[in-house]
Structures are given as structure tokens and as C-alpha cells.
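Novice: Give me coordinates for this.
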Amino acid sequence: MKLKHKISTILVEDEPWARDLMSGYINEIPELKLNAAIGDGYKALKIIQSEKFDLLFLDINLPNLSGIEVLKKIKIKPYTIFTTVSKENALDAFELGAIDYLVKPIEKKRFNKAVERAMIFLRSNKKDKEPEYSKQKEENQFSESLFINLQREYGLTYQEASICVKIFEGLTREELTSHFNIMPATLKHHLKYIFSKTIDIENKNCYKKQGKLQMLTTFLFKMREN
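Specialist: Numbering: from 1, shown residues only. This is a model prediction of the structure:
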């Protein structure tokens, strides 16, 4: 399913050559719209807090605020792809919910692959067509509110909240790995953080006799009842 609307994109990169290169890559992808290209961490934070973007390309080494600091300060985060000269911050990036991590110099093929991955998440959460039945519409509306509440109330990242929505909608472990194009070990890593932010912190002892995926599903349906 194609997205009806262009993906609003912001590029934060302080090196002019890299900014020009990635701006060119972005402008060649019909689904993307480059709304802003900024070279300063503090200025980037201000614009991201005042405007809504679907996709963020974020360098780590920036003037005034690093990319990691910028992302930590954003409450509702765009889908984020980090761009950097080193792999040393990759773990911090993924823990903050980054969906990919590109090491400069970035080849066009690798850049496009990261964009394709981002679009998987965007397709799963954008309502691109009107449901035919009111029940389906109600389910879609709850999925959207669940996605937002999990971020605001429990601090889940975009990716973690997206996984929870798909679990609520009935996807199995195998279907989740296929849908998000991730390895089983990566899914296990995400589920560990989801549990620590939701069920573990809520101390839901009544779920303890269930399997982990069942526990999470029960918790998500309980959120609906509340």
C-alpha cells in the first residue's frame, strides 16, 4: 500500500558536503518531501518541537546539542535515522528508538534501504484509506490512541509502540519479525524494553501465569477497557 501523502522530512547535518549529498538522495525519492535542512542541534530541536515531521535524519556530532541530546529532548519523536562517522553510539541510538544507523560516507543504495525500512513503519501507522465498516474504524481509532498513549504514559519509543499496536491487532512473533523486517533477536530486545516500561512497572502479578506475548496482549486489551 502506497502512502497518500508525502513524508515530511527534516535533515539535521552540520557538514555541508554531507547535507548536500543526503538532500539530493531525499529529493530523488518521490515519497519524501524535504521540509528543512539544518546544521545546528539547538536550532533543530526548536523546529522539531514546533512543527510535525514524519522522518528525521539526524547527525550525532552537531554544534550546541548532539544528535543524541536532541532526540532525548523530543517528547513525540519522528521516525529517526542517525547519520554519523562512527558506530560507537549505535546502542544509544537504538535505545532511543532509532530505526536505522548510517555511517558516513553513505552510499545511495544503503540510504534508500534505510528509507524503505522507515516506510514500513509509516505504512503501518498511517490511515491511508477509510475503513469499510464501523467496527474496523473503531479498531483503527483505538490502535491510533493506543500508539499515542503508550508513548506518552509509558515512554515507549515509536518502534516499541508500533510493535505493541501490531500485537494488539493479533500478529504472532513470526508475523512481527516479517512485518517490521527485523530479526527474532531484535524483537526479543524490543519486548524486553516494552516489558520494563509497562508490565514490570505496573507490577501486573495477575498476568504471571501467562506467556510473555500473552501477558502483553492482555495488558493492551486492559488499556482498552480503561
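
Novice: residues touching the nearest residue to residue 102 once chain neighbours are set aside, list them.
Specialist: Leaving aside its sequence neighbours, residue 102 sits nearest to residue 83 (Cβ to Cβ, 6 or more residues apart in numbering; 4.8 Å). Placement of C-beta: from N, CA and C, glycine included. Residue 83 is in contact with 13, 18, 22, 57, 58, 59, 60, 102, 104, 106, counting by Cβ atoms under 8 Å, 6 or more residues apart in numbering.

Novice: I figured the second one hits residue 60, correct?
Specialist: Spelled out, that is residue 18. No - counting by Cβ atoms under 8 Å, residue 18 stays clear of residue 60, with 12.0 Å between them.

Novice: Comparing the two, which residue is more hemmed in?
Specialist: Each of residue 18 and residue 60 has its neighbours counted (other Cβ atoms under 10 Å); residue 60 has more, 23 against 19.

Novice: quick one: that one and residue 80 touch, right?
Specialist: No - using Cβ under 8 Å, residue 60 is not in contact with residue 80, being 11.2 Å away.

Novice: In the contacts of residue 83, which residue is surrounded by the most others?
Specialist: residue 57 leads the contacts of residue 83 on contacts (other Cβ under 10 Å) with 30 neighbours.

Novice: In which helix or strand does that residue reside?
Specialist: For residue 57, the element it lies in under DSSP states H and E is strand 55-59.

Novice: how about that strand as CSV, C-alpha atoms only?
Specialist: The C-alpha trace of strand 55-59 is given here as CSV (Å, rounded to 0.1, in the frame of the first residue of the first chain):
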residue,chain,number,x,y,z
LEU,A,55,11.0,11.3,9.3
LEU,A,56,14.2,12.7,10.8
PHE,A,57,17.8,12.2,9.5
LEU,A,58,20.0,13.1,12.4
ASP,A,59,23.7,13.5,12.7
